[in-house]
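**Student:** quick one, structure for this:
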Amino acid sequence: MTAATWPHDAPLTVLVDDVRDFKDKRPALVARSSHEALRLLDELAGVRIDHLWLDHDLTGRDTVAPVVDLLVHRAKKGSPLDVGQIHIHTANIRAGLMMDALLRAAGYPVVRSYAITMWTRFF
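**Tutor:** Predicted structure coming up:
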């Protein structure tokens with residue numbers, strides 16, 4: 001499913017994670033790298049994202065940092081992304097705390113998710 005084909009009556013969920021998918025098979029737009037996530041968020045400009053799930057450590061040396069930077073930058077400019085809830089689900093505790101602090105300071109609603117049983121590996 002792509003941003004262009006998302007049903008307008010369904011809550012919009014975006015998952016940024018290199019290896020996880022939702023075990024309950026909930027519909028989600030998925031980005032497996034920071035580059036894919038930035039492109040997807042650009043495509044969704046002006047669209048409300050009900051749930052944005054963020055993992056920190058992506059493939060190789062890639063992290064979600066560019067996405068967090070974009071969110072913070074947009075908020076500082078007065079045009080934050082329209083997000084109902086940001087869920088941080090990284091196993092990297094230090095990075096998760098930093099993401100949480102940065103996004104909260106920028107005014108985003110953030111929760112930490114530790115529910116490891118909700119995931120399945122996509123590969």
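
**Student:** what's the closest non-adjacent residue to Thr117?
**Tutor:** Lys23 (7.3 Å; C-beta to C-beta, 6 or more residues apart in numbering). To be clear about C-beta, it is placed using only N, CA and C from the backbone, and glycine gets the same treatment.

**Student:** ok, the one you found - how many residues close by?
**Tutor:** 12 (other C-beta atoms under 10 Å).

**Student:** burial of Val68, as a residue count?
**Tutor:** What Val68 shows, counting by other C-beta under 10 Å, is a neighbour count of 23.

**Student:** strands of the chain, residue ranges please.
**Tutor:** For the chain, the strands defined by DSSP state E cover 13-16, 20-22, 29-31, 49-54, 83-88, 110-112, 119-121.

**Student:** could you pull out the helices for the chain?
**Tutor:** Shown for the chain, the helices assigned by DSSP state H span residues 34-43, 65-76, 93-105.

**Student:** need those in TSV with distance to Ile49, can you?
**Tutor:** TSV is the format used below for the helices of the chain (distance: least, C-beta to C-beta, whole Å):
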stretch	distance to Ile49
helix 34-43	8
helix 65-76	11
helix 93-105	13
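
**Student:** I'd like these laid out as a markdown table, including mean pLDDT and distance to Thr117.
**Tutor:** Putting the helices of the chain into a markdown table (pLDDT from 0 to 100; distance: least, C-beta to C-beta, whole Å) gives the following:
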| stretch | mean pLDDT | distance to Thr117 |
| --- | --- | --- |
| helix 34-43 | 97 | 24 |
| helix 65-76 | 98 | 25 |
| helix 93-105 | 97 | 18 |
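
**Student:** I'd like to know which of the ones you listed lies nearest to Thr120.
**Tutor:** helix 34-43 (19.4 Å; C-beta to C-beta).

**Student:** any weak-confidence spans in the protein?
**Tutor:** Along the chain, segments meeting pLDDT under 70 span 1-8, 119, 122-123.

**Student:** pretty sure Gly107 sits against Gly78.
**Tutor:** No - using C-beta atoms under 8 Å as the test, Gly107 is too far from Gly78 to be in contact (10.4 Å).

**Student:** give the residue from the two that has the larger number of neighbours.
**Tutor:** Higher neighbour count among Gly107 and Gly78: Gly107, with 12 against 6, using other C-beta under 10 Å.
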